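Novice: test case, fold it:
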Amino acid sequence: MSLILSRRDIDFLLFELLDVEALLDRPRFRELDRPTLDAVIDLAENLASDFFAPANKVADQQEPTMTPGGHVRLPEETHVALEAFRRSGLLAASHDRAVGGMQLPFVIDRAAFGWLQAASPAIAGYALLTAAAANLLIEHGTADQIDSFATPLLEGRHFGTMCLSEPQAGSSLGDIRTRAVRSADETYRLFGNKMWISGGDHSLTESITHLVLARVDGAPAGIKGLSLFIVPRDIDRGDGTTEHNDVVVAGLNHKMGQRGTVNALLNFGEGCYSPRGFPGAIGHLVGCEGDGLKVMFTMMNEARIGVGTSATVIGYTGYLHAVDYARSRAQGRTSSQKDPTVQQVPIIEHADVKRMLLTQKAFVEGALALNLYCARLVDEWRCSEGQEAENIGLLLDLLTPVAKAWPSQYCLEANNLAIQVHGGYGYTRDYNVEQFYRDNRLNPIHEGTNGIQAIDLLGRKVVIQDGRALDIYTANVLASCARAHDCGDEIAEHGGAVERMLKRIVSVTRGLHAAGDSELLLSNAAIYLEVFGHLTIGWIWLEQILASHGKNGDFYEGKRAAARFFRRWEMVRAEASLGIIERLGRDFADLRTEWL
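Specialist: Residues are numbered from 1 along each chain as shown. Here you go, the predicted structure:
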């Protein structure tokens with residue numbers, strides 16, 4: 001049995017829960033069939049087992065270093081794993097055939113990529129950013145930009161980055177200082193510094209395509225003055241050779257986890273190189289001046305869902321390792337057995353260990369179902385038009401902060417419990433669970449901290465278009481609850497619990513916004529996101545037991561047990577938190593900093 005992910009669960013989610021085969025009737029996917037979809041998952045599973053997993057610990061222990069010449073050195077195993085991935089063609093799998101893709105359903109693409117993220121999130125991170133950069137350029141770039149920059153990204157000849165944060169401006173993008181100066185040749189010259197740049201430099205590919213937020217000279221202050229630029233590390237001279245653009249690695253950040261992904265401070269336009277004889281790093285404007293943040297959100301939203309998936313699968317592989325360890329580790333005896341001469345039992349027989357394993361199962365299987373549901377929505381959106389497409393887009397927008405933040409909080413807790421199941425061994429480097437926790441601890445932070453996701457959800461997403469996104473979400477959840485009423489006592493009970501919680505959340509959402517107090521929203525945003533996430537996972541678990549209805553065997557009994565636990569324990573706890581929000585407290589807003 002694989003300890004990376006569960007193929008049985010992946011197949012259940014794709015073909016029993018989400019009915020991905022129904023997508024094959026759509027014109028976009030008619031040349032595909034089920035064996036092709038299975039073969040893609042097989043390929044990803046093999047890449048994960050044969051290349052990514054063996055390189056994972058090496059990449060963690062031999063973190064990136066800088067050479068005397070200012071370049072970044074990575075272990076050979078990272079190169080081998082990513083070269084195998086490049087040759088597989090999976091990087092462009094869900095794209096149109098016109099740009100070299102296979103037109104696979106995005107949900108299959110995400111399920112396949114989940115195997116790589118579970119096997120080595122740090123190594124998979126290079127590909128995640130590259131795919132997102134290519135998607136942005138295909139959607140917003142010119143034909144020449146797609147040909148010159150997106151195509152090499154999809155072919156894996158170049159990798160991409162997202163350059164937003166600066167030393168003085170992390171999440172506060174309105175304070176970005178990087179300048180862009182117009183040139184006579186319709187390019188721009190960039191000057192400034194970027195911080196926390198994943199994949200900022202390496203020798204894994206021929207070049208690196210940086211997507212950089214900067215402010216054109218004379219543009220207004222704040223986010224409205226930001227524009228987005230393609231800044232290649234290497235400039236084509238036009239004669240088949242290249243020269244270095246004026247982009248220099250100023251230093252590396254040494255991280256707690258995901259050490260295999262280079263994280264760099266980059267300097268643009270400091271005169272270390274002067275491409276084409278002029279100072280500044282050459283950049284190409286994407287879209288229009290002033291549209292930078294709007295354009296960049298194409299990449300940010302995809303990256304946020306990718307972070308949620310990464311958090312999920314790291315939690316998932318930790319859970320599988322914990323189950324495997326608990327089955328093999330003999331210690332103690334059952335409470336009914338008092339004879340000390342009787343053979344010890346595996347710790348999986350102890351009630352508290354069962355509690356920890358079931359908690360992990362409920363978290364990781366619920367989160368994975370949510371991630372793949374969001375990917376399925378992308379496919380529905382791509383195949384729809386008009387009002388239907390707009391409604392799907394609104395639902396996906398609403399779910400994005402949840403799909404990023406909830407897994408990165410609760411699948412991290414699953415990793416915490418996996419260490420606990422291992423006991424003292426889990427706290428040592430002899431077992432993989434300690435690295436899983438370190439790797440996953442990044443996910444509540446990057447691509448917008450969970451606090452930012454909470455503000456986005458409560459402050460913007462639930463009231464977008466006068467609450468239309470929330471109305472669409474509500475209608476979908478209630479439709480599931482209505483189906484549950486006809487499916488037996490336990491499913492009906494679960495549906496009733498979800499429906500009651502939904503009505504309370506809709507009511508409290510209105511109450512928070514009716515107060516007209518922005519500080520009240522900020523004070524309650526984090527706990528609101530947590531509760532909204534629990535409702536969403538409760539709904540997703542309802543869908544899973546509906547898909548399991550009438551089916552027998554340990555797999556389906558496990559689904560029902562996890563859903564039962566989530567309803568009886570986690571949803572009850574979340575409802576208690578909902579009561580706190582209903583009081584419309586300003587505890588954090590009114591807290592004076594002198595008291596801390």
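Novice: domain assignment for this structure?
Specialist: According to the domain assignment given by automatic domain parsing, the chain is divided into the following structural domains: 10-290, 291-445, 449-596.
Novice: out of those domains, nearest to Met1?
Specialist: The stretch from those with the least distance to Met1 (Cβ to Cβ) is domain 291-445; that distance is 7.8 Å. Every residue, glycine included, has its C-beta placed from N, CA and C.
Novice: measure the closest one end to end?
Specialist: Distance between the boundary residues of domain 291-445 (Cα to Cα, to the nearest Å) amounts to 25 Å.
Novice: state the mean pLDDT of that domain.
Specialist: Averaging the model's pLDDT scores along domain 291-445 yields 95.
Novice: any buried residues in stretch 443-450, and which?
Specialist: Of all the residues in stretch 443-450, those buried under the rule 16 or more other Cβ atoms under 10 Å are Asn443, Pro444, His446, Glu447, Gly448, Thr449, Asn450.
Novice: ugh, wrong one, I meant stretch 367-387
Specialist: Residues 367-383 are the ones in stretch 367-387 that count as buried (16+ other Cβ under 10 Å).
Novice: likewise stretch 49-69?
Specialist: Buried residues in stretch 49-69, counting neighbours by 16+ other Cβ under 10 Å, are found at Phe51, Phe52, Ala53, Ala55, Asn56, Val58, Ala59, Asp60, Gln62, Glu63, Pro64, Met66.
Novice: got JSON lines for the residues you listed, with distance to Gln117 too?
Specialist: What follows is these, written out as JSON lines (distance: Cβ to Cβ, whole Å):
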{"residue": "Phe51", "distance to Gln117": "13"}
{"residue": "Phe52", "distance to Gln117": "9"}
{"residue": "Ala53", "distance to Gln117": "11"}
{"residue": "Ala55", "distance to Gln117": "13"}
{"residue": "Asn56", "distance to Gln117": "11"}
{"residue": "Val58", "distance to Gln117": "17"}
{"residue": "Ala59", "distance to Gln117": "14"}
{"residue": "Asp60", "distance to Gln117": "15"}
{"residue": "Gln62", "distance to Gln117": "20"}
{"residue": "Glu63", "distance to Gln117": "19"}
{"residue": "Pro64", "distance to Gln117": "19"}
{"residue": "Met66", "distance to Gln117": "27"}
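Novice: report the two of those separated the most.
Specialist: Farthest pair in the buried residues of stretch 49-69 (Cβ to Cβ) is Ala53 and Met66. Separation: 27.2 Å.
Novice: neighbours of Gly467, how many?
Specialist: Other residues within reach of Gly467, judged by other Cβ atoms under 10 Å, total 16.
Novice: ok, now Leu252?
Specialist: Counted with other Cβ under 10 Å, the neighbours of Leu252 add up to 17.
Novice: next one: phi and psi at it?
Specialist: phi -110, psi 150 (degrees, to the nearest 10).
Novice: right, and it touches Gly70 too?
Specialist: No - applying Cβ atoms under 8 Å, one finds Leu252 not in contact with Gly70, separated by 10.9 Å.
Novice: now do the SS call for the nearest residue to Arg483 once chain neighbours are set aside.
Specialist: Closest residue in space to Arg483, ignoring its immediate chain neighbours: Leu546 at 6.0 Å, by Cβ to Cβ, 6 or more residues apart in numbering. Remark: Leu546 carries the secondary structure label helix [criterion: DSSP: H, G, I helix; E, B strand; the rest coil].
Novice: ok, Gly283 next?
Specialist: With three-state DSSP as the basis, the three-state label of Gly283 is strand.
Novice: repeat that for Cys288.
Specialist: With three-state DSSP as the basis, the three-state label of Cys288 is coil.
Novice: ok, it - contacts?
Specialist: Taking Cβ atoms under 8 Å, 6 or more residues apart in numbering as the criterion, Cys288 is in contact with Ser227.
Novice: the same query, at a cut-off of 10 Å, please.
Specialist: His140, Ser227, Leu228, Lys294, Val295 (Cβ atoms under 10 Å, 6 or more residues apart in numbering).
Novice: and those, which are buried?
Specialist: Buried members of the contacts of Cys288, scored by 16+ other Cβ under 10 Å, are His140, Ser227, Leu228, Val295.
Novice: please list all residues in contact with the second one.
Specialist: Going back to what we said before, that points to Ser227. For Ser227, counting by Cβ under 10 Å, 6+ apart, the contacting residues are 180, 188, 212-216, 219, 283, 285-293, 295-296.
Novice: spatially nearest residue to it, not counting backbone neighbours?
Specialist: The shortest distance from Ser227 to any residue that is not its chain neighbour, by Cβ to Cβ, 6+ apart, is 4.2 Å, and that residue is Gly292.
Novice: number of nearby residues for the one you found?
Specialist: One way to gauge burial is a neighbour count; for Gly292, by other Cβ under 10 Å, it gives 30.
Novice: ends of stretch 65-73, what's the gap?
Specialist: 5 Å.
Novice: list of residues touching that stretch?
Specialist: Residues external to stretch 65-73 that are found in contact with it (Cβ under 10 Å, 6+ apart): 62, 64, 74-75, 199-204, 248-252, 254, 262, 264, 272.
Novice: selecting buried members of these in ChimeraX, what would you type?
Specialist: Selection of buried members from the contacts of stretch 65-73 for ChimeraX, criterion 16+ other Cβ under 10 Å:
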select :62,64,74,75,199,200,201,202,204,248,249,250,252,262,264
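Novice: on that earlier part again, the residue nearest to Arg483 contacts Ser480, correct?
Specialist: Yes - in this structure, Leu546 is within contact of Ser480 by Cβ atoms under 10 Å, at 7.0 Å.
Novice: out of the domains of the chain, which comes closest to Leu3?
Specialist: Checked against Cβ to Cβ, the stretch from the domains of the chain lying closest is domain 291-445, at 4.6 Å.
Novice: the closest one: how far from the chain's middle?
Specialist: Chain-centre distance of domain 291-445: 12 Å, with Cα atoms, centre = their mean, to the nearest Å.
Novice: helix, strand or coil: sort out Gly260 for me.
Specialist: Recorded secondary structure, Gly260: coil (three-state DSSP).
Novice: I figured it hits Ala119, correct?
Specialist: No - distance between Gly260 and Ala119: 11.5 Å, which falls outside the contact criterion (Cβ under 10 Å).
Novice: hey, what's in contact with both of these two?
Specialist: Common contacts of Gly260 and Ala119 (Cβ under 10 Å, 6+ apart): Ala55, Asn56, Ala81.
Novice: which residues touch Gln344?
Specialist: Taking Cβ under 10 Å, 6+ apart as the test, what Gln344 contacts is Arg329, Ala330, Gln331, Gly332, Arg333, Thr334, Gln337.
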